[in-house]
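S.K.: Need coordinates for the following:
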Amino acid sequence: MPRLTVFGATGGVGAHLLPLALAKGHEVTAVARDPVKITLRHDRLRVVCGDILDRASVEQAVSGAEAVLSTVGPRSRRDGPVCGPGVAHVIAAMREVGIRRLVAVSAAPVPDHDAGEKVLYRLTIRKVLRAVLKDLYTDLAVMEGEARRSDLDWTIVRPPRLTDKPATGTYRTALGRNVPGGHLISRADLAAEMLRTLTDPATFRTTVGIGY
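M.R.: Numbers count the residues shown, from 1 in each chain. Below is the predicted model:
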């Protein structure tokens, strides 16, 4: 199983990602600004102090990995850009040591137009979301651009609204577009899909929509 480095390990998706990855036999390096927040213990789990916005700590965190997963998001609405500059550091560090596989979380409303969306949704809910969360979606769009311009085997997973409900394992996915009518997904199912895409060549260098 690939050795993984996970950024955003203390977030809602990261909290599901770590035990799932360990259960599948991966060796995992979990990166956190405050490692004390990670209470999970396992022989194949290494917890390191790091910040995705700090290039030096990113380089140390990805050393020895075979794939990198990022569930990083803004720490608060007052924060400046995190995802774009952070993933730029990750990509540069990966290229430096020869790691090719990157899976990162974005969001369904990021693209200006998506073939998987109904017209009514695009003209109402999407407009409101993009107005209220403009800075977040701009940051995520920059992150997606960093991945697209790289030569890595990247996958961008675009979830809709996230919930804390248990995993179902019965979600839908779509390559290169959002899932029609898929307006919800649990963090647990999103984490499972991120791990699934790791070894699925069909998801390389494209986006993956997900939803129920």
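S.K.: Can you tell me how far the closest residue to Gly11 other than its chain neighbours is from Ala30?
M.R.: Leaving aside its chain neighbours, Gly11 sits nearest to Thr71 (5.4 Å; criterion: C-beta to C-beta, 6 or more residues apart in numbering). Yep, even glycine has a C-beta here, placed from its N, CA and C like the rest. Computed as C-beta to C-beta, to the nearest Å, the Thr71 to Ala30 distance reads 11 Å.
S.K.: anything in contact with each of the two?
M.R.: Val6, Ala9, Gly14 (C-beta atoms under 8 Å, 6 or more residues apart in numbering).
S.K.: gap between the first one and Arg100?
M.R.: Val6 sits 17 Å away from Arg100, going by C-beta to C-beta.
S.K.: ditto for Tyr171
M.R.: 26 Å.
S.K.: Looking at these two, which has the bigger crowd around it?
M.R.: Tyr171 (19 against 15; other C-beta atoms under 10 Å).
S.K.: what's that one in contact with, if anything?
M.R.: By C-beta under 8 Å, 6+ apart, the contact list for Tyr171 reads Gly182, Ile185, Asp189, Glu193, Ile210, Gly211, Tyr212.
S.K.: From what I see, Ala67 and Leu4 are in contact.
M.R.: Yes - the criterion here is C-beta atoms under 8 Å, and Ala67 meets it with Leu4 at 5.4 Å.
S.K.: This protein: helices as residue ranges?
M.R.: Using DSSP state H, the helices of the chain run over residues 12-23, 55-62, 83-97, 119-123, 125-132, 134-149, 187-197.
S.K.: Let's have the contacts of Tyr171 in JSON lines, adding pLDDT and distance to Arg95.
M.R.: Conversion of the contacts of Tyr171 to JSON lines gives the following (pLDDT from 0 to 100; distance: C-beta to C-beta, whole Å):
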{"residue": "Gly182", "pLDDT": "90", "distance to Arg95": "33"}
{"residue": "Ile185", "pLDDT": "98", "distance to Arg95": "31"}
{"residue": "Asp189", "pLDDT": "99", "distance to Arg95": "31"}
{"residue": "Glu193", "pLDDT": "99", "distance to Arg95": "25"}
{"residue": "Ile210", "pLDDT": "98", "distance to Arg95": "27"}
{"residue": "Gly211", "pLDDT": "98", "distance to Arg95": "32"}
{"residue": "Tyr212", "pLDDT": "97", "distance to Arg95": "36"}
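S.K.: Kindly tell me how buried Val110 is, as a neighbour count.
M.R.: Residues lying near Val110 (other C-beta under 10 Å) number 21.
S.K.: Neighbour count added to the shared contacts of Thr71 and Ala30, as a markdown table?
M.R.: Below are the shared contacts of Thr71 and Ala30 laid out as a markdown table (neighbours: other C-beta atoms under 10 Å):
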| residue | neighbour count |
| --- | --- |
| Val6 | 30 |
| Ala9 | 28 |
| Gly14 | 25 |
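S.K.: measure stretch 27-40 end to end?
M.R.: Taking C-alpha to C-alpha, to the nearest Å, stretch 27-40 runs 14 Å from one end to the other.
S.K.: what about it, distance to the chain center?
M.R.: Centre-to-centre, stretch 27-40 and its host chain are 16 Å apart (C-alpha atoms, centre = their mean, to the nearest Å).
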